[in-house]
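Visitor: Coordinates only, no sequence provided:
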DNA sequence: TTATTAATATCGATGCCTAAAATATCAAAA
DNA sequence: TTTTGATATTTTAGGCATCGATATTAATAA
């Protein structure tokens, strides 16, 4: 649209920009929302429970799997690399919140499990965490949140189709 | 709702969870979308241009401000700490993509600016970057993207009201 | 059995990121 | 002028995250 009055030299680039900028703005807004919320949660986890978000996330995975998880399983579910899981687990072990046990089936592998204290501690934090999220989304109407949920499902599948096929 | 048939001992917690879980799921879905897209972009920037996302983001800020920006301005706009900006800028300087100049007005401050090569290099990358974003959102309809944009505005202001008042 | 290939986890190097402390400068009050 | 408080940046220490390399174990093939 409006090809006229656009300098010929930068035509392609200019048109690409003006046609696609809305998607870029949409992406930047998505990013801004996520960062805003994530930074808030990260900060409160730190000040109120003296824990980091990655550690909280790892514990959340273990809470859902009382039988414990292998390092590789954690890596897959948290969508991070194995080396990363090694480091976070090390920290949690020294804090007494999780334990590494040898797998009876596979001597290469460990089973990571919450300790009783880890479980107790996590439940407290999870309750607070959920309230924070409710608070952060509280300015939106019930219906708007439902719409957002559906639209994000579309976005996820759209992006996954592109990103998935590396 | 449905107070009956809920064990008394965990009543509060259970109800809180069942009532608020939708918001939690909504948040996790938001996070999943963002991570999916961000990781894809990060990976392509790396493989196709051998640059990291933070460096790209810093250059993007400078491109919009041809007169250059102070370190503190960059920090604010990128929503990261000053120490971080120092490190990223150092890298870009050694790569010859940006320069630090003394501020004529304020001897405490630096002005960071793109070099000609930095500007040339950034424009190439930005064009590709925009196409990737268009691709990633391409599975959504025009109207859906518009709705999403509006709903995210609501979310942003809702979250900012909570997160802003530290 | 032996050799090969794949899977599991760790380690080292590198980069991003923050919070807190240190350094330098500015601007205005005493 | 000197002090005081605010501002701008860097430095330091620690945690998070990736990649590539490595050691061990498992599973499979010869």
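Guide: That came in fine, so what should we check first? Nothing here was measured: the structure is a model prediction, and the numbers come from that model.

Visitor: Quick check: residues of chain A near DNA strand D?
Guide: Counting by CB under 7 Å from any atom of the strand, chain A comes close to DNA strand D at A:52-55, A:79-84, A:87-88, A:91, A:106-108. No exception for glycine: its C-beta is placed from N, CA and C like everyone else's.

Visitor: if you look at the residues you listed, which of them are in strands?
Guide: In strands, judged by DSSP state E, none of these are found.

Visitor: interface residues of chain A facing DNA strand C?
Guide: For chain A, the residues in contact with DNA strand C (CB under 7 Å from any atom of the strand) are A:39, A:43, A:70-73, A:75, A:82-83, A:85-86, A:89, A:100, A:103, A:106, A:108-110.

Visitor: Apply 10 Å and report the result again.
Guide: Neighbours of DNA strand C within chain A, by CB under 10 Å from any atom of the strand: A:35, A:39, A:42-43, A:46-47, A:69-76, A:81-90, A:93, A:100, A:102-103, A:105-112.

Visitor: Check which helices and strands the longest helix belonging to chain A is in contact with.
Guide: The longest helix of chain A (DSSP state H) is helix A:11-49. Applying 3 or more CB pairs under 8 Å, 6 or more residues apart in numbering or on different chains; DSSP states H and E, one finds that helix A:11-49 makes contact with helix A:53-64, helix A:116-137, helix B:11-49, helix B:116-137, helix B:142-164.

Visitor: Compare these and report which one is nearest to residue A:27.
Guide: helix B:116-137 (4.9 Å; CB to CB).

Visitor: outside of the closest one, which residues touch it?
Guide: A:13, A:16-17, A:20-21, A:23-24, A:26-27, A:155, A:158-159, A:162-163, B:37, B:40-41, B:44-45, B:48-49, B:51, B:56, B:59-60, B:62-63, B:92, B:96-98, B:114, B:145 (CB atoms under 8 Å, 6 or more residues apart in numbering or on different chains).

Visitor: give me that answer again for 6 Å
Guide: A:20, A:23-24, A:27, A:159, A:162, B:37, B:41, B:49, B:59, B:63, B:97-98 (CB atoms under 6 Å, 6 or more residues apart in numbering or on different chains).

Visitor: If any of these are buried, give me the ChimeraX selection for them.
Guide: Filtering those down to the buried ones (16 or more other CB atoms under 10 Å in any protein chain shown) takes a single ChimeraX command:
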select /A:20,23,24,27,159,162 /B:37,41,49,59,97,98
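
Visitor: need the contacts of helix B:116-137 in a markdown table with distance to residue B:133 and pLDDT, can you?
Guide: Listed next are these as a markdown table, based on distance: CB to CB, whole Å; pLDDT from 0 to 100:
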| residue | distance to residue B:133 | pLDDT |
| --- | --- | --- |
| A:20 | 7 | 60 |
| A:23 | 5 | 94 |
| A:24 | 5 | 93 |
| A:27 | 5 | 93 |
| A:159 | 10 | 93 |
| A:162 | 10 | 87 |
| B:37 | 8 | 91 |
| B:41 | 8 | 92 |
| B:49 | 15 | 92 |
| B:59 | 16 | 96 |
| B:63 | 16 | 96 |
| B:97 | 22 | 96 |
| B:98 | 24 | 96 |
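
Visitor: What is the nearest of the contacts of helix B:116-137 to DNA strand D?
Guide: Distance to DNA strand D across the contacts of helix B:116-137 (CB to the nearest atom of the strand) is lowest for residue B:98, with 11.7 Å.

Visitor: how close does the nearest residue in space to the closest one that is not next to it in sequence sit to residue B:143?
Guide: In this structure, residue B:98 finds its nearest non-sequential neighbour in residue B:92, 4.4 Å apart by CB to CB, 6 or more residues apart in numbering or on different chains. Here the criterion is CB to CB, to the nearest Å. By it, residue B:92 lies 40 Å from residue B:143.

Visitor: Same question for residue A:68.
Guide: Distance of residue A:68 to residue B:143, computed by CB to CB: 46 Å.
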